[in-house]
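# sharing a model prediction with you, sequence too.
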Amino acid sequence: MSTLVLIVGILVLAAVLVAAGIALHVTWKLTHPVRKPVDMDPRDFGLSHVETVRFPSREKGLTLAGWYIPAAENGFRSRQRTILFAHGYSQNRLEPHLPALSLAAKLVSAGYDILMFDFRNAGESDPALTTIGLREQEDLRGAIDFVQAVRPDHAIGLLGFSMGAATVLLVGATDTRIKAIVADSPFYSLPEYLRENLPHWTGLPRFPFNGLILTLSPLFLGANPRDVQPYLAVKKADKPIFFIHGTSDATVPYENSKRLYELARDPGSALWLVPGATHVRSYAKEPAEYVNRVVRFFEQAFVR
């Protein structure tokens with residue numbers, strides 16, 4: 001009997017170690033997504049003047065890359081306002097499914113300067129752990145610092161997509177330099193989202209891998225999903241927030257934005273649910289309406 005118990009114990013231990021090894025491997029892949037190239041030309045979208053920029057993240061030792069696109073140098077009357085774009089997980093400044101350059105060109109023609117940049121470990125920025133909105137907050141703060149330095153007379157707004165939407169909520173809610181926020185397809189809470197949707201990203205069964213990944217990742221990577229809670233930031237925000245979400249979003253269901261909107265305190269906040277749009281595809285589905293609503297929202301927010 002004792003021999004049988006020993007064998008069973010060894011087999012159980014081996015199974016746990018194998019499962020833990022798989023969980024760590026998958027966690028590593030999730031936090032080190034393959035970079036996508038920055039392979040679109042702004043001139044193809046009518047942007048004749050684009051400044052290639054590099055600036056530091058607030059996290060020491062990290063340099064970020066991007067484009068600053070001024071309205072005046074592209075032939076439009078400047079409103080003295082800059083909008084920072086914040087891209088999604090495993091993407092870069094291009095967000096090619098939008099594409100972000102198309103949206104940027106339309107906002108530039110409306111008189112806005114635009115900063116498009118790559119978060120850490122994306123595009124042409126320095127390598128580092130991808131943390132789905134945790135340490136990316138320091139990158140966004142660095143981007144705000146950059147805009148404040150080069151355009152000290154400009155009002156600043158944020159426009160984020162998916163992970164970037166969560167990040168602009170986390171940073172913009174309490175940063176007094178930010179006047180207004182547009183969050184396109186954000187998640188309500190990262191730990192809650194991962195508990196429900198991690199198999200979608202890993203391809204692994206919910207049991208035992210969800211628990212293993214969520215337990216081991218903070219220990220081995222120093223990045224805890226429990227620290228990424230956009231809903232707590234929205235509760236603190238004293239500025240207008242515009243939530244945009246597609247009703248056919250299977251990646252981050254639109255209920256996330258509905259719940260976030262219910263917590264918004266500022267009466268200038270708004271929610272637009274785009275019928276039939278999938279994840280971060282609202283602009284692609286309704287480009288003219290998207291631009292009109294975003295411009296109208298920012299104008300109302302900036303003149304208050």
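Okay, I see it.

# tell me which residues touch Ile156, please.
By Cβ atoms under 8 Å, 6 or more residues apart in numbering, the residues touching Ile156 are Arg81, Thr82, Ile83, Leu84, Ile144, Val147, Gln148, Arg177, Ile178, Lys179. Bear in mind the C-beta positions are built from the backbone N, C-alpha and C, glycine included.

# who does the strand or helix carrying the fourth one touch, helix- and strand-wise?
Element membership for Leu84, per DSSP states H and E: strand 81-86. Using 3 or more Cβ pairs under 8 Å, 6 or more residues apart in numbering; DSSP states H and E as the contact criterion, the neighbours of strand 81-86 among helices and strands are helix 100-109, strand 113-117, helix 136-150, strand 155-161, helix 163-172, helix 287-302.

# looking at the ones you listed, which is closest to Leu214?
helix 163-172 (17.2 Å; Cβ to Cβ).

# now the element after the lowest-mean-pLDDT helix or strand in the chain, going C-ward?
For the chain, the helix or strand with the lowest mean confidence is helix 2-30, at a mean of 71 (criterion: mean pLDDT, DSSP states H and E). Moving toward the C-terminus from helix 2-30, the next helix or strand (DSSP H and E) is strand 51-56.

# so what touches that following strand?
Contacts for strand 51-56 (Cβ under 8 Å, 6+ apart): 62-70, 115, 117, 142-143, 145-146.

# of those, which pair is most distant in space?
Leu62 and Pro70 (25.0 Å).

# in the stretch 201-304 of the chain, where is pLDDT below threshold?
For the stretch 201-304 of the chain, residues meeting the criterion pLDDT under 70 lie at 220.

# for the most centrally placed residue in the chain, which non-adjacent residue is closest in space?
Nearest to the geometric centre of the chain sits Gly164, at 1.2 Å (Cα atoms, centre = their mean). Closest residue to Gly164 apart from its sequence neighbours, by Cβ to Cβ, 6 or more residues apart in numbering: Ala86 at 3.2 Å.

# with Gly75 instead?
Counting by Cβ to Cβ, 6+ apart, the residue nearest Gly75 is Ser48, at 7.6 Å.

# quick one, helices of the stretch 201-304 of the chain?
206-221, 230-236, 255-263, 282-285, 287-302 (DSSP state H, counting those that start in this stretch).

# you'd agree the residue nearest to Gly75 is up against Phe76?
No - taking contacts as Cβ atoms under 8 Å, Ser48 lies outside contact range of Phe76: 11.1 Å.

# who's more crowded, these two?
Phe76 (16 against 10; other Cβ atoms under 10 Å).

# so which strand or helix has Ala183?
strand 178-184.

# show the average pLDDT along that strand.
Per-region confidence: strand 178-184 scores 98 on mean pLDDT.

# quick one, that strand and helix 136-150 angle?
130 degrees (axes from the mean of the first three to the mean of the last three Cα atoms, to 10 degrees).

# give me the contact list for strand 178-184.
By Cβ under 8 Å, 6+ apart, strand 178-184 touches 144, 155-162, 165-166, 168-169, 171-173, 230, 237, 239-245, 257, 260, 268, 280, 282-283, 294, 297-298, 301-302.

# and for stretch 201-212?
Ala19, Ala20, Ile22, Ala23, Val26, Leu30, Leu194, Arg195, Leu198, Pro199, Ile213.

# let me know the closest of the residues you listed to Thr131.
Using Cβ to Cβ, these come closest to Thr131 at Leu30, 10.0 Å.

# roughly how far does the nearest residue to that closest one once chain neighbours are set aside sit from Asn210?
Closest residue to Leu30 apart from its sequence neighbours, by Cβ to Cβ, 6+ apart: Trp201 at 6.4 Å. Distance, Trp201 to Asn210, using Cβ to Cβ, to the nearest Å: 11 Å.

# look at those two and report which has more neighbours.
Comparing Trp201 with Asn210 by other Cβ under 10 Å, the one with more neighbours is Asn210, at 19 against 15.

# residue contacts, Val252?
Ser162, Ser185, Pro186, Phe187, Tyr193, Asn197, His245, His279.

# got the residues you listed as a markdown table, with neighbour count columns?
Formatted as a markdown table, the contacts of Val252 follow (neighbours: other Cβ atoms under 10 Å):
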| residue | neighbour count |
| --- | --- |
| Ser162 | 26 |
| Ser185 | 30 |
| Pro186 | 30 |
| Phe187 | 29 |
| Tyr193 | 21 |
| Asn197 | 16 |
| His245 | 28 |
| His279 | 20 |
